[in-house]
Structures are given as structure tokens and as C-alpha cells.
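A.B. asks: Show me the folded form of this:
(one chain, ligands or ions: 3)
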Amino acid sequence: KKKKKKNPQFTFIHLAGGPGSGKGTQCEKVVAKYGFTHLSSGDLLRAEVSSGSERGKQLAAIMEKGELVPLDTVLDMIKEAMIAKADTSKGFLIDGYPREVRQGEEFEKKIGAPSLLLYIDAKAETMVKRLMKRGETSGRTDDNEETIKKRLDLYYKATEPVIAFYEGRGIVRKIDSEGSVDQVFSQVAKAIDSLK
Ligand SMILES: Nc1nc2c(ncn2[C@@H]2O[C@H](COP(=O)(O)OP(=O)(O)OP(=O)(O)O)[C@@H](O)[C@H]2O)c(=O)[nH]1
Ligand SMILES: Nc1ccn([C@@H]2O[C@H](COP(=O)(O)OP(=O)(O)O)[C@@H](O)[C@H]2O)c(=O)n1
Ligand SMILES: [Mg+2]
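C.D. replies: Ligands and ions are numbered 1, 2, ... in the order given. Below you'll find the model as predicted:
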């Protein structure tokens, strides 16, 4: 029996890359040029924390330690945010998810298959430098030296395998994120244009 494709009317683009690699920065530019809807799993979680809910309090503790929030929680939030935008959106930029291979598998089962994974690649040293700088003004409780180190470790352990998983499908485009924001964006735009 042929399996029906889930949500074929939407384009799904994942952005994976280490903490501070510049995913959020690139997403803003993609939204401006292509009109896709940006869903940052980190931003959704931070919004829940700000709401002061009981669930938010549990999330805050996990995020402050640089650990991963349970899969179902994050996926539910992404799904809710998508449903809210489904009438007006053609495509979604999913920033910071999947964080581990199992999250990718669940996304496909419950939402749909991505057409592209943008692998935003920067050196560890670059990411740490950017995050320490961002920490001066971001107010993010996880932009501190100790948590940054944990986030990086977890990225290499859990998230890099996600990239290998999608490489097998031929949908990964590696973006060199060492340059200026505009240099990075020209690579991102090329990858998105190649979809059409
Ligand atoms: N030089 C340079 N700096 C950048 C670039 N992209 C982002 N930055 C800076 O690096 C910091 C982190 O960028 P974000 O876009 O917040 O990174 P992110 O990947 O979303 O990080 P997380 O939210 O921690 O996952 C910001 O302070 C940016 O100003 C880039 O292409 N070049
Ligand atoms: N899919 C996700 C996204 C974020 N998070 C949590 O939220 C924190 C901040 O996520 P983020 O995407 O804004 O930032 P980075 O960790 O990529 O720098 C992470 O360190 C995790 O604790 C998660 O558990 N699962
Ligand atoms: Mg971000």
C-alpha cells in the first residue's frame, strides 16, 4: 500500500547548526526575502518560560543547564505554532529542530518530510565568541560560559548525527557561517532557490 505524503502543500526547511552559529540571524533574512514562516524551537520554549506557567518553570531549569527539553514537548509546540499559521503560510523554517535523530523521525511521522536541511557550520571557537558577545545584551540565562560549553558538547554528540541522517537523503546543504551575515545569506539563498 502506498503511503500518503503528509502535508505536501507545505515546504519544510530545517536549520541545524551549533549554538550561536547564526541560525536565527539567517532565518530573519529568509523571512524578509521569501516570506516563509520562521519557527524557532528555542524561541517557542522561551515564550513558554516567560508566560510563567508551571510547564515554563520546568523548561527554564532544563534550558539553564543547556540540556534538551523532552521531544514531545518541543514537537507539540512546533505543531501548535504551525497550525496557527497554516492558513497563510506556504512554507516553514524550522530553526533548532531536530536536535537529535529521533526528533527528526518524529517530525516526519507527525508533520512531514523536509525538502532541505541547511547546515549552518561555524567553528566552535567562533560560536563561543559570538555567544559571549550576545550574552552581554541578550538576557538569555544560557548565554554564559558554563552553559555554552554544555550546549556545544550536546550539539556535537546529539545534533551532528542528524546531519548525517539527512545526508543519506541528499537534502543537506552545508553553509559556511564564518563570514559576514550577507556572505552567509548568499549561500542560503542559493540553496533555497535550488528548490524551485
Ligand atoms: N560575523 C557574524 N556574526 C554573526 C553571523 N550570524 C550571527 N552572528 C552573530 O552571532 C550571534 C548568534 O547569532 P544567532 O542568530 O542568535 O545564532 P543562533 O544559531 O540562532 O543561536 P542559538 O539561538 O543560540 O541557537 C549573534 O549575536 C549574531 O549577531 C554571521 O554570519 N557573521
Ligand atoms: N528543539 C529544542 C530547542 C531548544 N531546546 C532548549 O532550548 C535551549 C536554547 O535553544 P536555542 O535553539 O535557542 O539555542 P542553542 O542551544 O541552539 O544555542 C537549548 O539549549 C535547549 O535547552 C531544546 O531542548 N530543544
Ligand atoms: Mg537562535
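
A.B. asks: the strands in the chain, which residues?
C.D. replies: 11-17, 37-40, 91-95, 116-121, 172-176 (DSSP state E).

A.B. asks: Mean neighbour count and distance to ligand 2 added to these, as a markdown table?
C.D. replies: Bear in mind the C-beta positions are built from the backbone N, C-alpha and C, glycine included. Listed next are the strands of the chain as a markdown table, based on neighbours: other CB atoms under 10 Å; distance: least, CB to the nearest ligand atom, whole Å:
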| stretch | mean neighbour count | distance to ligand 2 |
| --- | --- | --- |
| strand 11-17 | 24 | 8 |
| strand 37-40 | 20 | 6 |
| strand 91-95 | 23 | 7 |
| strand 116-121 | 22 | 10 |
| strand 172-176 | 18 | 15 |
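
A.B. asks: The ones you listed: which one's closest to Lys85?
C.D. replies: strand 37-40 (4.9 Å; CB to CB).

A.B. asks: Give the pairing partners of the closest one; include direction for each.
C.D. replies: Applying DSSP bridges, strand 37-40 is found paired with strand 91-95 (parallel).

A.B. asks: sorry, back to before: how about the strands of the chain in TSV, adding distance to Asn144 and mean pLDDT?
C.D. replies: Shown next, in TSV, are these (distance: least, CB to CB, whole Å; pLDDT from 0 to 100):
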stretch	distance to Asn144	mean pLDDT
strand 11-17	20	97
strand 37-40	20	97
strand 91-95	22	97
strand 116-121	22	98
strand 172-176	27	98
